[in-house]
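Asks: Sequence first, predicted model second:
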Amino acid sequence: MTNGRPVTARPTLDNVIARRFIEGDSVEDLTRLLHRAYSDHAAAGRVFFASYQSIEDTASRLERGECWLALRGTALAGTVTLAAPYEAPDGYPAPAGAGSFWQLAVDPAYRGTGLGQRLLALAEERIAVLGATEVVIDTSVEAIELVGWYRRRGYDPIGTWRWDVTNYESVVLLKALPAG
């Protein structure tokens, strides 16, 4: 027991597999995962779109790229959606032809297991396979820990952006992908 509470074992990545979202997978379950994964940001006052998006929004975002699921048996542990090239809005500070990913989410029970890193590596690998040599992403400038996490993985700030579905300014980050 810790502070009078039972210690719960953190799940491991044993038997966690990643596969493409397929017909028959639940958009509702995916939306619930996104809400859980982004709830800490919302509680801190950073309203990421994934913290409140509707099932219809999730379905629409899935149509714009490849969605990958991390599953342990039938339990959804994480997800990421990616595209290359990324169709950025006019004025968004991204190089032409760059890939991107969004909805990178890890169920809170899997935090600290390396699943986020595994999903990030999958996204970068797929973006490279799709022909992009750079990947661009954005996140809240206020999410200092998250920005630091990306910076430690080779992402550098290249500008800012303001989405109309969030309540914060985003920092736009870019990473060159390895050749080959």
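Replies: In hand now; what should we look at?
Asks: and residue 38, what does it touch?
Replies: Contacts for residue 38 (C-beta atoms under 8 Å, 6 or more residues apart in numbering) come out as 48, 50, 51, 105. (Glycine included, C-beta is placed from N, CA and C.)
Asks: now do residue 107
Replies: 33, 36, 37, 76, 77, 78.
Asks: Which of those fall within helices?
Replies: 33, 36, 37 (DSSP state H).
Asks: got the contact list for the last one?
Replies: So that's residue 37. Counted by C-beta under 8 Å, 6+ apart, residue 37 has contacts 50, 78, 105, 106, 107, 108.
Asks: give me the beta-bridge partners of the fourth one?
Replies: Going back to what we said before, that points to residue 106. residue 78 (DSSP bridges).
Asks: Counting neighbours, what do you get for it?
Replies: 23 (other C-beta atoms under 10 Å).
Asks: how near is it to residue 38?
Replies: Using C-beta to C-beta, to the nearest Å, we find residue 106 at a distance of 10 Å from residue 38.
Asks: What of the second one?
Replies: Distance, residue 78 to residue 38, using C-beta to C-beta: 12 Å.
Asks: so what sits against both of the two?
Replies: residue 105.
Asks: any chance you could map the strands in this protein?
Replies: 16-20, 66-72, 75-83, 99-106, 134-140, 156-161, 170-176 (DSSP state E).
Asks: Can you say which of those strands is nearest to residue 90?
Replies: strand 156-161 (11.4 Å; C-beta to C-beta).
Asks: hmm, back to that, which single one of the ones in helices among the contacts of residue 107 is nearest to residue 115?
Replies: Among the ones in helices among the contacts of residue 107, and counting by C-beta to C-beta, the member closest to residue 115 is residue 37, at 10.6 Å.
Asks: how close does the closest one get to residue 97?
Replies: To residue 97, residue 37 is 29 Å away according to C-beta to C-beta.
Asks: What residue, apart from its backbone neighbours, is nearest the spatially most central residue of the chain spatially?
Replies: The centroid of the chain falls nearest to residue 104 when counting by C-alpha atoms, centre = their mean (1.3 Å). Excluding the flanking residues, the one nearest residue 104 by C-beta to C-beta, 6 or more residues apart in numbering is residue 80, at 4.5 Å.
Asks: Likewise for residue 117?
Replies: residue 153 (7.7 Å).
Asks: can you pull the pLDDT of the one you found?
Replies: pLDDT for residue 153: 97.
Asks: What's the local residue count around it?
Replies: 14.
Asks: Next: residue 86.
Replies: Going by other C-beta under 10 Å, the residues that sit close to residue 86 add up to 24.
Asks: thought it was touching residue 94?
Replies: Yes. Taking C-beta atoms under 8 Å as the definition, residue 86 is a contact partner of residue 94 at 6.5 Å.
Asks: which residues are common contacts for those two?
Replies: In contact with both residue 86 and residue 94: 100, 136, using C-beta under 8 Å, 6+ apart.
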